[in-house]
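Chemist: Give me the fold of what follows.
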Amino acid sequence: MQCCTMCFSNTNIQSYIDEYDEIGTCDYCESEGVAVLEVSALGDYVRTCLQKGYENPSTSDVPYPLLESNVQTVMEVLDCEEDIFSEKLDWDIRTQLVSALLNESAPSYRDIAQGAVDEFIDEETEVVLKGVLYGGGDFYFHTWEGFKDLVMHGNRFFDLSENQVRVDILETFGSFFSEMEMELNEGKTLFRARKNMPSGLDILDRIEPEIGPPPANRAIGLRMNPTGISYLYLAEDIKTCKDEIKADKDETIGVGQFEIIQSLRLIDLSRVPRLKNTSIFSPDYNHELHWVRYFLKHFCEEISKPVEENHDLEYVPTQLLCEYIRFKGYDGIRYRSSLTRKDCYTLFCGQQKQGVTDCSKNAFIKDFRDWVKLVKFQQYEIKTVDIESVTTYSSTGSGRISPN
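Modeler: Below you'll find the predicted structure:
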């Protein structure tokens, strides 16, 4: 029995059939004058590719109840997960073809007598992803935990061991940046809050540096920035930026509304990307992609979670990774607030040391006014747990902040 390239939509399978350079009539879709191949030869190829990503749980020592939720049949993998068949074949013909592919390529009785195992007996054989319970997610979880322990308690700035653990983890993370890029578009408005703003600020040029990022010599270490490096923290709404600064009763809060004045390229850590793996029939198939999402998930959670004690040390892993993102040429990150679940932004721009007027003396960080501008300012007075009075100021063409 012969099948042909017209039976399949998967280009890798089509190329494999073409390599045999045989022309004939297909026994399954009945196409004539097409590239064909004996089902036994194609069956060997299908088995080899299935083994890249799947295994028969009945041949492992894992209790079946632990695997049951992850089980699929071979037919489901080929027809649904891999979607290898063309529309020329209906369901019954597809089933017959898969049955023939596996039966014609099965180990011989002699091979089985000598210890060979037939993992894929027929189209109804149940299979699971390789490593679904071992190695995969656990490996990347322990990799992330090991990275945190290394940079907090081992070596922070250089790899002092021969295996380059710190560099390897950073490069693993960086290899998925293309899946996590986003554009922060010009014209978007975001918010920033500060407690106990100085009074009497009615000039735009005076209020902007006060509501903007702190001067570099007054920047304390936070989740993204080390002490002494000034970054701009923004949020998508007023409530989130006020909650993030945790103002107490009887304090005043200043909230600035900033407009993005040039498009910026960010890494989006607010949502874990769904990494699309290549087909098991592709030479580029990488089974580890099924588990890398665990690593990215742990990092995205780490970025947004609050730290109550010993925060200087706990911030080191995320500070290092943010610096790596900056090193790769990105302008900042987006992440999810642990308090409101709304989007927050850290932009790699800040403010020079207090008292420095010559911009050329600090070329390490972009001046935040090159990327954003203040368009509105609101002063909140907290009398109880609720905000009772609000004064709003908007920018005018004269450069003053005028009350509305």
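
Chemist: Every contact and neighbour count from this point should use C-alpha atoms.
Modeler: OK.

Chemist: By residue count, what's the longest strand in this protein?
Modeler: strand 372-382 (DSSP state E).

Chemist: Would you list the strands that it pairs with, along with their directions?
Modeler: Partners of strand 372-382 in the sheet, by DSSP bridges, are strand 252-260 (antiparallel), strand 387-395 (antiparallel).

Chemist: Send me that strand as PDB with only the CA atoms.
Modeler: Backbone C-alpha positions of strand 372-382 (Å, rounded to 0.1, in the frame of the first residue of the first chain) are rendered in PDB as follows:
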ATOM      1  CA  VAL A 372       7.400  61.200  28.800                       C
ATOM      2  CA  LYS A 373       5.800  64.600  29.600                       C
ATOM      3  CA  LEU A 374       3.500  65.600  32.500                       C
ATOM      4  CA  VAL A 375       0.100  66.600  31.300                       C
ATOM      5  CA  LYS A 376      -2.000  66.600  34.500                       C
ATOM      6  CA  PHE A 377      -1.400  66.700  38.200                       C
ATOM      7  CA  GLN A 378      -3.800  65.900  41.000                       C
ATOM      8  CA  GLN A 379      -3.300  66.500  44.800                       C
ATOM      9  CA  TYR A 380      -5.200  64.100  47.100                       C
ATOM     10  CA  GLU A 381      -5.700  64.700  50.800                       C
ATOM     11  CA  ILE A 382      -6.500  61.500  52.800                       C
END
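
Chemist: now that strand: mean pLDDT?
Modeler: On average, the pLDDT along strand 372-382 is 84.

Chemist: now stretch 11-22
Modeler: Mean predicted confidence for stretch 11-22 is 95.

Chemist: measure Cys7 to Glu323 for me?
Modeler: 51 Å (CA to CA, to the nearest Å).

Chemist: between these two, which one's more packed in?
Modeler: Counted by other CA atoms under 10 Å, Cys7 and Glu323 do not tie: Cys7 has more neighbours, with 24 against 17.

Chemist: right, and that one touches Tyr28 too?
Modeler: Yes - Cys7 is within contact range of Tyr28, at 7.5 Å (criterion: CA atoms under 8 Å).

Chemist: got any residues that touch both of these two?
Modeler: Common neighbours of Cys7 and Tyr28, using CA atoms under 8 Å, 6 or more residues apart in numbering, are Leu89.

Chemist: ok now the longest strand of the chain, how far from the chain's centre?
Modeler: Relative to its chain's centre, strand 372-382 lies at 33 Å (CA atoms, centre = their mean, to the nearest Å).

Chemist: for stretch 94-105, same thing?
Modeler: 38 Å.

Chemist: Can you show me the strands along the stretch 201-350 of the chain?
Modeler: Per DSSP state E, counting those that start in this stretch, the stretch 201-350 of the chain carries strands over the ranges 232-235, 252-260, 264-268, 332-336, 343-347, 349-350.

Chemist: Out of the strands paired with strand 372-382, name the one with the poorest average pLDDT.
Modeler: Across the strands paired with strand 372-382, strand 387-395 gives the lowest mean pLDDT, at a mean of 56.

Chemist: returning to that earlier point: kindly reformat the strands of the stretch 201-350 of the chain as TSV and extend each row with mean neighbour count and distance to Thr318.
Modeler: Putting the strands of the stretch 201-350 of the chain into TSV (neighbours: other CA atoms under 10 Å; distance: least, CA to CA, whole Å) gives the following:
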stretch	mean neighbour count	distance to Thr318
strand 232-235	24	15
strand 252-260	22	25
strand 264-268	20	14
strand 332-336	23	12
strand 343-347	23	12
strand 349-350	24	17
